Every structure is written in structure tokens, then in C-alpha cells.
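> how would this look folded up:
(one chain, ligands or ions: 1)
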Amino acid sequence: MKPTFVIFFGPPGCGKGTQAKKVIEELGLVQISTGELFRKHLSGKTPLGIKAQDYMSRGELVPDDITIGMVRERLQQPDCAAGAIFDGFPRTGDQAKALDTLLEELGGPLSMVVNFDLPIEISRQRLLARQEGRADDSPEIIEKRLNDHAQVEASVMPHYKAQEGIIKNIDANRSIDAIYNDALALIKSVMA
Ligand code: AMP
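Below you'll find the predicted structure:
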């Protein structure tokens, strides 16, 4: 069976991490969240975590070579044999290109980019509601994250728009269950 590789793409607050966790449980895939991987390296004080630390604490992207190397290493682990859902990766055009090469080496091209479509105003409202009571976040940081996402979208999406039909849109301004049903059906449709 060919592995299935899918990207979950969308603004902060769109629910893609939650959806990825539900979908992998149902379909036997793994979730590759670069944010979570970096945090794991950071708390384990690995050499990679130490390299990434300063960028992360400034809220900047970790350089592509470090990020791509980490994803390559993760994809080589045996639990990725059936495929993976990428969450928070790729975030630059070069990461998108590198992912194509990595997946070719693993024998399965990228099947789909699921684009979680959410108006920016809803994204902002959700983030503000989620941050209530947390002193370490603020409306300014939320605005930065929204702006950062717009930049990520501008650098990543052209790569996929050039690949006919690979992007599938999901209306993310609905209930978790409604989004889940659509996401599951989309991914099942490309599984071998
Ligand atoms: P996240 O939890 O996805 O917001 O990621 C937390 C932090 O990890 C980001 O602010 C970046 O510093 C770093 N990071 C996560 N994913 C990437 C990526 N694809 N490219 C570069 N840096 C990343």
C-alpha cells in the first residue's frame, strides 16, 4: 500500500491541530506538527532544540535547513510507513519544495492540501477567546500571528496552486464534527 501524505493548512485558530489528532486516530496515520516537534526537542534540550530555541522565543521561523532536517528524520521513523498529516509545515516555499523531494524518496507523493478556510475576523475572535486568562499572550501577539500566517500563505500556497486540484477547501467556520466529517471523507478519497 502506498503511504498517504496530506498537509493541513490554515490560520491559527482554524482547528487544524484538533482535526489532525482526530483523523490520525481513525485512519492510522501520524501527525507531524513541527511546532510540537520543536517544543519536544526544546524540553529535551537536544542539539536541535538548542539551535531552534532563540528563533522560537522570538516567534520567528526556525531556518529551513534545521526544520527540513527535523522533518526528514521524523519521516524516516517506522510509524510513518502508512503516511502522515503535516500540521504547521511547510511554512516557506523552500520547505514546500523540500517536502516534495522527501516524499518522492519515500515513495508517495503528496496527496492533498486541505485548506481550512476561516475569515480572519473569526480567527482573531477565536484566538482572543482562547487566550483569556493567560498572561503570556496578548492582542499584539495575536495580531503578529495573524500577520505571520498571511505571509506563510503567500509563500507556500503558490507552490500548491501550481499543482492542479491538489488543494481542497474546507469551511472551518462550522462545528468540529462537521469539519471532521468533511476532512475524513477527503482523505479517504485519496487513500490507496
Ligand atoms: P507553532 O506551534 O506551529 O506555532 O510553532 C511554534 C514555533 O516553532 C514557531 O513560532 C516557529 O519558531 C517554530 N516552527 C514551527 N513550525 C515551523 C516551520 N514549519 N518552519 C519554521 N519554524 C517553525
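> Where is the longest strand in the protein?
Ranked by number of residues, the top strand in the chain under DSSP state E is strand 110-117.
> how about that one: buried residues?
By neighbour count with 16 or more other C-beta atoms under 10 Å, strand 110-117 contains the buried residues L110, S111, M112, V113, V114, N115, F116. The way it works is simple: take the backbone N, C-alpha and C, and place the C-beta from them, glycine included.
> Just the element for the residue in the chain positioned nearest to the ligand, please.
At 2.3 Å from the ligand, G35 is the closest residue in the chain, using C-beta to the nearest ligand atom. Element membership for G35 (DSSP states H and E) is helix 34-43.
> Give me every residue in the chain that's in contact range of the ligand.
Residues of the chain lying close to the ligand by C-beta under 6 Å from any ligand atom are 34-35, 38, 55-56, 59-62, 67, 88-89, 91, 95.
> Separate out the buried members of those.
Listed as buried from the residues of the chain next to the ligand are T34, F38, M56, L61, V62, T67, G88, F89, R91, Q95; burial here means 16+ other C-beta under 10 Å.
> thinking again about what came up before, for the helix holding G35, enumerate the helices and strands it packs against.
helix 47-57, helix 64-75, strand 83-87 (3 or more C-beta pairs under 8 Å, 6 or more residues apart in numbering; DSSP states H and E).
> and the nearest residue to P90 once chain neighbours are set aside, how many neighbours does it have?
Spatial nearest neighbour of P90, excluding adjacent residues (C-beta to C-beta, 6 or more residues apart in numbering): A96 at 4.2 Å. A96: 20 surrounding residues under other C-beta atoms under 10 Å.
> what ranges do the strands span in this protein?
Under DSSP E, the chain gives strands at 4-9, 30-33, 83-87, 110-117, 167-171.
> Would you point out the helix or strand in this protein whose mean pLDDT is lowest?
In the chain, the helix or strand scored least confidently by mean pLDDT, DSSP states H and E is helix 120-130, which has a mean of 93.
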